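[1] have a look; sequence and predicted model below, questions after that.
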Amino acid sequence: MEEYILKIRKINDKAILPNYAHEGDAGLDLYAVEGLVLNPGERGLVHTGIQIELPRNTEAQIRPRSGLALKNGITTLNSPGTIDEGYRGEIGVILINHSQEVFKVDQGMKIAQMVIKPVFKVNVVEETELSNSERSERGFGSSGIR
């Protein structure tokens with residue numbers, strides 16, 4: 001299996017490098033570099049204090065942490081958020097509080113996970129007809145699941 005390198009630059013002394021909590025995990029844990037208070041229904045940007053350089057032809061997807069969502073009603077907006085290969089700014093995570101309680105993000109808290117995925121480049125070609133499929137144009141709910 002090919003090894004990919006994710007280059008990381010700390011831009012804050014309090015930053016914690018992303019890491020896998022367990023062998024076989026898909027997501028690298030991301031950590032808050034500062035505290036933030038989220039009132040019920042409020043959203044806010046949480047800084048991580050890091051910048052990244054992704055491997056060629058990849059993206060980083062920012063995803064919620066299931067424990068924060070289940071226990072506290074905290075999730076990420078724009079999920080999964082995409083970090084493009086060429087972005088070199090600080091990684092920020094948009095959190096929202098869906099609970100009825102105030103939620104405090106502490107410095108050093110695990111706030112999200114980052115999954116590195118391949119990106120396939122395509123050539124866009126305009127056509128006048130597309131091939132038929134079993135699903136065709138049936139959209140939401142077309143599989144019969146209620």
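    Everything's here; your move.

[2] the closest residue in space to Val33 that isn't next to it in sequence sits in which helix or strand?
    Excluding the flanking residues, the one nearest Val33 by CB to CB, 6 or more residues apart in numbering is Gly49, at 3.4 Å. Where C-beta positions appear, they are placed from N, C-alpha and C, glycine not excepted. Assessed by DSSP states H and E, Gly49 sits inside strand 43-53.

[3] now that strand: buried residues?
    For strand 43-53, burial by neighbour count (16 or more other CB atoms under 10 Å) applies to Gly44, Val46, His47, Thr48, Gly49, Ile50, Gln51, Ile52.

[4] neighbouring strands - and their directions - for that strand?
    Using DSSP bridges, the strands paired with strand 43-53 in its sheet are strand 7-10 (antiparallel), strand 90-97 (antiparallel).

[5] and the average pLDDT for it is what?
    In this model, strand 43-53 has a mean pLDDT of 98.

[6] please apply the same query to stretch 93-110.
    The average pLDDT within stretch 93-110 is 98.

[7] quick one, helices of this protein?
    Under the criterion DSSP state H, the chain contains helices at 66-72.
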